[in-house]
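**Student:** quick one: sequence and predicted model below, then my questions.
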Amino acid sequence: MSRLDADIVAALMPEQAEELDDLPAGVLAVSEVALSTLLPTCSAVVHHGGWGSFSTALVNAVPQLALSTLVADQELRGRSLEDAGAGFFLHHTDADPDRVTDLTRRLLEDPSHAAAARRLRDESAAMPTPHAIVPELERLAAAR
């Protein structure tokens, strides 16, 4: 059984999934599944802090635990997520099973994280698209 009272889905690369031994009850490993397909069904996500995982969780209003690797922009995104209340950032050197479990449990049990994730989704959706700002950029370029 997983250490959380939750169903756990591990989205892995095929070669990662092949390396797994038996998984605890309540834990499912999947590969070759797009996060945009999986995340709408999730109550929280734990990921490496990359742009694709971060932004897909953002548009689906999923609270996030971002675990950085060695890339600076991952930490920047993770800390901004934490500042907004929509999740947590954990530097990879501070990550251990107990800490990850505790932060994930907090994401699942404290409804303020889901509310903040919905707020961020709505703020993001309200921003103009790149296509919508092109005329303004053209106007500004012509004026200079």
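**Tutor:** In hand now; what should we look at? Numbering: from 1, shown residues only.
**Student:** strands along the protein, start to end?
**Tutor:** Assigned by DSSP state E, the chain shows strands spanning 8-12, 27-31, 45-47, 64-67, 87-90.
**Student:** list the helices and strands the second one packs on?
**Tutor:** Where contact means 3 or more C-beta pairs under 8 Å, 6 or more residues apart in numbering; DSSP states H and E, strand 27-31 is packed against strand 8-12, helix 14-18. Yep, even glycine has a C-beta here, placed from its N, CA and C like the rest.
**Student:** contacts for it?
**Tutor:** Outside strand 27-31, the residues that touch it by C-beta atoms under 8 Å, 6 or more residues apart in numbering are 2, 7-14, 16-17, 20, 23, 38.
**Student:** any chance of the strands of the chain in a markdown table, plus mean pLDDT and distance to residue 120?
**Tutor:** Below are the strands of the chain laid out as a markdown table (pLDDT from 0 to 100; distance: least, C-beta to C-beta, whole Å):
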| stretch | mean pLDDT | distance to residue 120 |
| --- | --- | --- |
| strand 8-12 | 90 | 21 |
| strand 27-31 | 90 | 26 |
| strand 45-47 | 94 | 14 |
| strand 64-67 | 95 | 10 |
| strand 87-90 | 96 | 9 |
